[in-house]
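> Make a model of this:
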Amino acid sequence: MNEPVLQTEALSKHYGGGKKPVLALDQLSLTADRGEIFGFLGPNGAGKTTTIKLLLDLIRPDSGHARLFGLDVNQHSVEIRRRVGYLPGELALWNGQTAAHVIAYFGKLRGGLDARFVGELQQRLEFDPGKKIREYSSGNKRKLGLILALMHKPELLILDEPTSGLDPLVQQTFLQLMREARAAGQTVFLSSHMLSEVQAICDRVGILRAGKLEEVKRVSDLMNQDYRVVTLRLREPASNGLFSSLPSVTGLEVNGHQATFRLQGDFNPLLDALRGVYIEDIGVAEPSLEDIFLTYYGDHPTNGVVPTAQKQLRQEVAS
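I've put the predicted structure just below:
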């Protein structure tokens, strides 16, 4: 069996001293294999960026180990970085330099530049390298970051929120670039809360919650859930009490005359419970990756109102 390209073993990290340090990462153990696109999911503050910084030896763990290409990331960080393309969540470059100069500089550091491939990336991402860094929008800076990460065709790509600020057409180009990287045998470790892109290209996903890995699954298996998302519009105002006797109903959201929930199993118990209730409309859908993702975050409403934390999470994963 081939050794994983990326591997962590019981990786933990706290921030802050004193009596109450903050646990950012809790015993993280996962692997990513050669030629795999691994999606690392979680809302802001879940520990995704901390994990990436540990993988790149930008910070050190309190306990546990991480290996890239079978090499300890703390002992072999210089050798490892030659084989990695990295896009940070916040890209800091020299504001007074042109993008062309920055690209050439990084090319020299890596022992040479494939000008033809760089030109192809610039064309596909619709990027003009002739401007100074300070003149670029956040989206164009993101494009430059992608070019710097991709241009030396690294064995491993580590990308932190790579499509943040990109317009939809460029996002589609990014997805195609990732498919091509996978076909070429490159491994991609993709940190994101953009569930549409994860669903489109990832082979497996890890779901992180408050620093703890909740689940690792193939996307195809994750999507194969045994529940449906049901939306009812009632003639009279809806209430939680209508569904309180149904253990098959979870994730209930009530808004005026409308109720939305997850339903497991058959419809008959639901119909029995609603006997005598006038239903104006009913919608049934397979769960999206967003719906599945939210099941890992304890989305249990109170008094028919979606909790603030869940509302914020929905905004993050849909943004």
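
> what about the strands in the stretch 151-300 of the chain?
156-160, 187-192, 204-209, 212-218, 227-234, 249-255, 258-264, 279-285 (DSSP state E, counting those that start in this stretch).

> so where is the chain shaky, pLDDT-wise?
Low-confidence segments of the chain, defined by pLDDT under 70: 1, 18, 223-226, 288-291, 293-319.

> Identify the residues contacting the residue nearest the centre of it.
Closest to where the C-alpha atoms of the chain average out (CA atoms, centre = their mean) is Ser192, at 2.2 Å. Listed by CB atoms under 8 Å, 6 or more residues apart in numbering, the contact set of Ser192 reads Gly39, Phe40, Leu41, Glu161, Pro162, Thr163, Val198. From N, CA and C alone the C-beta is placed, and that goes for glycine too.

> roughly how far apart are the closest residue to Val22 other than its chain neighbours and Leu30?
Closest residue to Val22 apart from its sequence neighbours, by CB to CB, 6 or more residues apart in numbering: Tyr15 at 4.7 Å. From Tyr15 across to Leu30, the span is 21 Å (CB to CB, to the nearest Å).

> Same question for Glu90.
24 Å.

> Which one's more surrounded, these two?
Leu30 (20 against 10; other CB atoms under 10 Å).

> would you say the more buried one is within a strand?
Yes - per DSSP: H, G, I helix; E, B strand; the rest coil, Leu30 lies within a strand segment.

> Tell me how many other residues surround Leu68.
28.

> Isn't it up against Leu6?
Yes - if you go by CB atoms under 8 Å, Leu68 and Leu6 touch, sitting 5.7 Å apart.

> Find residues that contact each of these two.
In contact with both Leu68 and Leu6: Leu55, Leu156, using CB under 8 Å, 6+ apart.

> and the closest residue in space to Val5 that isn't next to it in sequence, what are its bridge partners?
Nearest non-adjacent residue to Val5, counting by CB to CB, 6+ apart: Thr187, 4.4 Å away. Beta bridges link Thr187 to Leu156 when assigned by DSSP bridges.

> is it true that Thr187 touches Phe38?
Yes - taking CB under 8 Å as the definition, Thr187 is a contact partner of Phe38 at 7.5 Å.

> returning to that earlier point: out of the contacts of Ser192, which sit inside helices?
Among the contacts of Ser192, DSSP state H puts Val198 in helices.
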